[in-house]
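Peer 1: Please work out how this folds:
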Amino acid sequence: MVNTLPVNRTETTIPRLRWQLPLVLLVSVLVAYFDRMNISYALPKIAQDYGWTVAEIGKYGGFLMSIFYIGYGLANILLSPIGEKFGPRNSLVVVVILFSIFTVLGAPFGLMFTALIIVRICLGISEGIHFPMMNTLTKRWFPLHERSRANGIWICGLFLSMILAPFIVVPIVEYWGWRAMFIVLGLAGMLITVPLIYLFVYNSPEEHPKIKTEEQHYIEEGLEKDEPQEEAFWKSVKSFSGKKEYWIALLGGVFNNMVAFGLLNWLPTYFTEGRGLPFAELTYATSIPYLFSVAGVLLWSILGDKTNRRAMVAGFGFFAAGIGAYFAATAPTINMVVALFALTIFLKVTYAANEFAIIQRIVPRNRVATGIGFYNGVAMLVGGGLGPVVVGSVVSATGNYTMGILSLTVLSFIGGIIMFILGWIIKY
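Peer 2: Predicted coordinates:
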């Protein structure tokens, strides 16, 4: 007999096997972000090897960072439906194997700039359906009122990678070279992430051999009751493409990625080239700001769940982060710069903490991979691709790294306006 206990039953009385899932996904995000962002930490050394000027660093460095997001965005859009049919568990295994291989290939192909560009495109394609598959799992495993927290846990892998990367990537680059760094990080994905997925990730609660009936019923009662959708890709797209809130959320995602990846990709070079920080000292300068991002994701995701006003919370974060970025970029001392960037990033992650819960609320349950894939693909293709290019173009045109960072302030304010509009429409 099906358990009919109300969804708001005290969560502490329900078995908690489901919370293993976001922890494993956190590890997969951690490793994936090491592989995608390693180029940012290696850029100062790559620029030395290629003999680039400041203008060339802005031009070629921005292109090298952005090209990943072109492959990543297209794969999100075009391959997510395939991953949806193949199943999130199997898809994640394939994704991890592929992006690990292409990371390793950065070592031999790094000898030629054109070849390195091709490897970065392939890396982007291989990581393309990672987030859509994790969103599919989250929507299948967690009731609506737990989504922000579940998403927030695995999203912390993104920020943990930013905290830990300087302590892992910078020493490897400093002592063994940036090509050796590609090999070490690529092997980590194969040896750590793949076994964890095989052991702990299942497509749905029904497939898990150890889940208790009480927890399974609790999850089912808290899920949306979606109507069945057609299998054809474009018909499945129609299930959410007619909703104006979906497109507003997508526009917000574009501006979020422009700010987030513009800052993420250029911060190491800003410190070393724009502020004269020795390369070895990047370990603290780039890790401290993102240390506060983990606390931010957890805090803002809880606030989103408790207030049920996730878009408004994100809008506040956009505006506050824009102000913080301005003062950080113009601060007179390196310690003040680091401290103010820490505050900026803490405020900026209000969007990351609630982003996927918002999209999961808008799209039907059995089309979440397609909906998230299209959303994440376009947001990454446009926002992730343009963010580093915008900063790099400003640096190239002005010869000033501070002006490049300041360009992100305006983009952050625009993102805030978009999220306030979305919050007014969906009341979620």
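Peer 1: Dihedrals phi and psi, Ile46?
Peer 2: Main-chain torsions, Ile46, degrees, to the nearest 10: phi -60, psi -40.
Peer 1: which ones are touching the residue lying closest to it once chain neighbours are set aside?
Peer 2: Closest residue to Ile46 apart from its sequence neighbours, by Cβ to Cβ, 6 or more residues apart in numbering: Trp178 at 6.1 Å. Every C-beta, even on glycine, is put in place using the N, C-alpha and C of the backbone. Listed by Cβ atoms under 8 Å, 6 or more residues apart in numbering, the contact set of Trp178 reads 42, 45-46, 49, 110.
Peer 1: Make a markdown table from those and add distance to Thr193 and pLDDT to it.
Peer 2: Formatted as a markdown table, the contacts of Trp178 follow (distance: Cβ to Cβ, whole Å; pLDDT from 0 to 100):
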| residue | distance to Thr193 | pLDDT |
| --- | --- | --- |
| Ala42 | 21 | 85 |
| Lys45 | 26 | 85 |
| Ile46 | 26 | 84 |
| Asp49 | 30 | 83 |
| Gly110 | 23 | 79 |
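Peer 1: out of these, who has the most neighbours?
Peer 2: Tallying neighbours with other Cβ atoms under 10 Å puts Ala42 at the head of the contacts of Trp178, with 24 neighbours.
Peer 1: gap between the closest residue to Val337 other than its chain neighbours and Ala342?
Peer 2: Leaving out its chain neighbours, the residue that sits closest to Val337 by Cβ to Cβ, 6+ apart is Ala331, at 4.6 Å. Here the criterion is Cβ to Cβ, to the nearest Å. By it, Ala331 lies 12 Å from Ala342.
Peer 1: One more: Gly392?
Peer 2: Distance, Gly392 to Ala342, by Cβ to Cβ: 24 Å.
Peer 1: who has more neighbours, those two?
Peer 2: Neighbour count, other Cβ under 10 Å: between Gly392 and Ala342, Gly392 has more, with 26 against 20.
Peer 1: mind checking which helix or strand the more buried one is in?
Peer 2: Using DSSP states H and E, Gly392 falls within helix 385-398.
Peer 1: What angle do helix 385-398 and the helix or strand that that helix is followed by make with each other?
Peer 2: Using DSSP H and E, the helix or strand that follows helix 385-398 towards the C-terminus is helix 401-426. Interaxial angle, helix 401-426 versus helix 385-398 (axes from the mean of the first three to the mean of the last three Cα atoms, to 10 degrees): 150 degrees.
Peer 1: could you say what helices and strands helix 401-426 packs with?
Peer 2: helix 244-269, helix 310-329, helix 334-362, helix 385-398 (3 or more Cβ pairs under 8 Å, 6 or more residues apart in numbering; DSSP states H and E).
Peer 1: The ones you listed: which one's closest to Val410?
Peer 2: Of all the helices and strands packed on helix 401-426, helix 310-329 sits nearest to Val410, with 7.5 Å by Cβ to Cβ.
Peer 1: just checking, what packs against that closest one?
Peer 2: Here helix 310-329 touches helix 244-269, helix 287-307, helix 334-362, helix 401-426, going by 3+ Cβ pairs under 8 Å, 6+ apart.
Peer 1: still on that earlier bit, got the helices and strands packed on helix 401-426 as TSV, with mean pLDDT and distance to Phe159 columns?
Peer 2: Compiled in TSV, the helices and strands packed on helix 401-426 are given as follows (pLDDT from 0 to 100; distance: least, Cβ to Cβ, whole Å):
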stretch	mean pLDDT	distance to Phe159
helix 244-269	90	10
helix 310-329	92	14
helix 334-362	88	7
helix 385-398	88	17
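Peer 1: would a markdown table of those helices with distance to Thr193 be doable?
Peer 2: Below are the helices and strands packed on helix 401-426 laid out as a markdown table (distance: least, Cβ to Cβ, whole Å):
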| stretch | distance to Thr193 |
| --- | --- |
| helix 244-269 | 21 |
| helix 310-329 | 29 |
| helix 334-362 | 20 |
| helix 385-398 | 26 |
